[in-house]
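Asker: coords below, sequence missing:
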């Protein structure tokens, strides 16, 4: 679905911290938010710290699991559903480490999905962790 997606700098930092922190005190990035900016006002970039235009619906706590894309458990999956409280033209989704505020882990932009009140989108966001070659 996403035409562009990126694990942003703060997201990569979280991965590194999680791998290095024996205490496990890192907040898991599992909170899904959506927005209406498809990258036109706030370009998808490595230094993104928020969505371009986050909508008023509360973030949802996504279900997390690992998946296998190329090698065992190399993909971090978050699945979350958000329901529209008003007419929306959704063009972006993000994963954060908190219900409010927090750090952005992944931001994706895509072609508009028009919604009416009560419509919902179930996002499945796969974060394939690739080795640098």
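Answerer: Sure, I can see it. This structure is a prediction, so every number in the text was calculated from the model and none was measured.

Asker: what's the next secondary structure element after the helix or strand of the chain with the lowest mean pLDDT?
Answerer: Here the helix or strand of the chain ranked lowest by mean pLDDT, DSSP states H and E is helix 9-20, holding a mean of 69. The helix or strand immediately downstream of helix 9-20 is strand 31-35, counting by DSSP states H and E.

Asker: longest strand in this protein, by residue count?
Answerer: Ranked by residue count and defined by DSSP state E, the top strand of the chain is strand 104-115.

Asker: can you list contacts of that one?
Answerer: 1-8, 10-11, 14, 29, 37-39, 44, 48-51, 84, 87-97, 121, 125, 127 (Cβ atoms under 8 Å, 6 or more residues apart in numbering). Any C-beta I mention is one placed from the backbone N, CA and C, and that applies to glycine too.

Asker: Partner strands of it, with direction?
Answerer: Paired neighbours of strand 104-115 in the sheet (DSSP bridges): strand 4-7 (antiparallel), strand 88-96 (antiparallel).
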